[in-house]
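> need the 3D shape of this:
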Amino acid sequence: MEKAVWRCGCGQVEARIPGTGARVVCYCQSCRSFVERLGKGERLDAAGGSDLLQVAPEDVEIVKGANHLRYMKVTERGPLRWYTTCCATPMANTLSNRAVAFCSFQVHDVMPKAGLPEISARVHLKGATAQVEGPRGTVRPLVLGLLARTVRGWVTGGWRRNPFFDPDGKPIAPREDPTISGS
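Numbering: from 1, shown residues only. Reported below is the predicted structural model:
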């Protein structure tokens, strides 16, 4: 499997992730708030979209800097939104339950970008802050990919190998809801 590297802005946190998966730009208020609360609004596209790569969590390896990870929840029912404390870099989103193979990495910090899949969908367009440019795509590959990753994880036991959760299924880092600006 082709691997890519996600690296925070200062280089203290690094993860190896699949260079394949489903790529989506999300315009929901929650995704935008996550990035903006960290003072990283420049990472959003011109309409406020967050470019994300959805991958199987079991295929992710945090190779350094896990001690710099924290998560926040923009809404109580929303996903865990992972970021770094060293430089306030938004990293990834996971669900609170590791049994569903949902993990989406912020593409801004993934290298190399040349091998990443094309954007398959732009979602939550009603939350866009301006006219959305580019093809809208369809959510079908996103849903099918999530289902395939989840079933694969259940069959192989890979759902237990989520690097954002310890063996007991608890997040590896504490929850911190920062009000960082201008980082």
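> counting neighbours, what do you get for residue 36?
A count of nearby residues for residue 36, using other C-beta atoms under 10 Å, gives 19. Placement of C-beta: from N, CA and C, glycine included.
> oh, that last question was meant for residue 99, not what I typed.
Neighbours of residue 99 using other C-beta under 10 Å come to 13.
> what's the pLDDT at the nearest residue to it once chain neighbours are set aside?
Using C-beta to C-beta, 6 or more residues apart in numbering and skipping the chain neighbours, the partner closest in space to residue 99 is residue 159 (5.2 Å). Turning to residue 159, the model gives it a pLDDT of 91.
> how close does residue 164 sit to residue 57?
Distance from residue 164 to residue 57, counting by C-beta to C-beta, to the nearest Å: 7 Å.
> list residues touching both of those two?
94, 98, 103 (C-beta atoms under 8 Å, 6 or more residues apart in numbering).
> take those and keep only those in strands.
Per DSSP state E, strands hold the following members of these: 94, 103.
> which of the shared contacts of residue 164 and residue 57 sits closest to residue 15?
residue 103 (10.2 Å; C-beta to C-beta).
> roughly how far apart are that closest one and residue 41?
23 Å.
> list the contacts of the one helix or strand residue 143 maps to.
Element membership of residue 143, judged by DSSP states H and E, is helix 140-156. For helix 140-156, the external contacting residues (C-beta under 8 Å, 6+ apart) are 21-22, 24, 54-58, 99-102, 120-121, 123, 158-159.
> buried residues in that helix?
141-142, 145-146, 149-150, 153 (16 or more other C-beta atoms under 10 Å).
> where does the protein dip in pLDDT?
1, 179-183 (pLDDT under 70).
> what do you get if the cut-off is 80, keeping everything else the same?
For the chain, applying pLDDT under 80 flags the ranges 1-2, 178-183.
> I appreciate the help and will end here.
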